[in-house]
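**Student:** Prediction below, plus the sequence it came from.
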Amino acid sequence: MKLIMRSEFDNLRNNPLHSVESDVNGEKQVVKIFRHQALISKRVTLKKSVRYFAIKAYQQYLTEEET
């Protein structure tokens, strides 16, 4: 997995074809995005730090945004 921008993560999260799962463990929160039961992206929040990750080929799952 590699780091991605927040806007890309939001794009993946808002896609109706993807399912979202959230998990909280103490101070750490993880939001995972799946497509056909395969993990494609996740957001890790630890204290005040937020990081966004995605698989290498995540661009194929992005939707076109209207301007």
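**Tutor:** The structure has been received and is ready for your questions.
**Student:** Break down this structure into its helices, ranges please.
**Tutor:** With helices called from DSSP state H, the chain shows them at 6-14.
**Student:** all strands for it, in order.
**Tutor:** 2-3, 19-25, 28-35, 38-46, 49-54 (DSSP state E).
**Student:** so can I have JSON lines of the ones you listed showing distance to residue 61?
**Tutor:** The C-beta positions use only the backbone N, C-alpha and C, and glycine is treated the same way. As requested, the strands of the chain are exported to JSON lines (distance: least, C-beta to C-beta, whole Å):
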{"stretch": "strand 2-3", "distance to residue 61": "14"}
{"stretch": "strand 19-25", "distance to residue 61": "12"}
{"stretch": "strand 28-35", "distance to residue 61": "6"}
{"stretch": "strand 38-46", "distance to residue 61": "6"}
{"stretch": "strand 49-54", "distance to residue 61": "8"}
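**Student:** can you put those in CSV and add distance to residue 60, mean pLDDT and mean neighbour count?
**Tutor:** Formatted as CSV, the strands of the chain follow (distance: least, C-beta to C-beta, whole Å; pLDDT from 0 to 100; neighbours: other C-beta atoms under 10 Å):
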stretch, distance to residue 60, mean pLDDT, mean neighbour count
strand 2-3, 14, 96, 8
strand 19-25, 17, 96, 10
strand 28-35, 10, 96, 16
strand 38-46, 9, 97, 16
strand 49-54, 11, 97, 16
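**Student:** quick one, which of those is nearest to residue 9?
**Tutor:** For the strands of the chain, proximity to residue 9 was assessed by C-beta to C-beta; strand 49-54 is nearest, at 4.2 Å.
**Student:** partners of that closest one, with directions?
**Tutor:** Strand 49-54 has the following strand partners under DSSP bridges: strand 2-3 (antiparallel), strand 38-46 (antiparallel).
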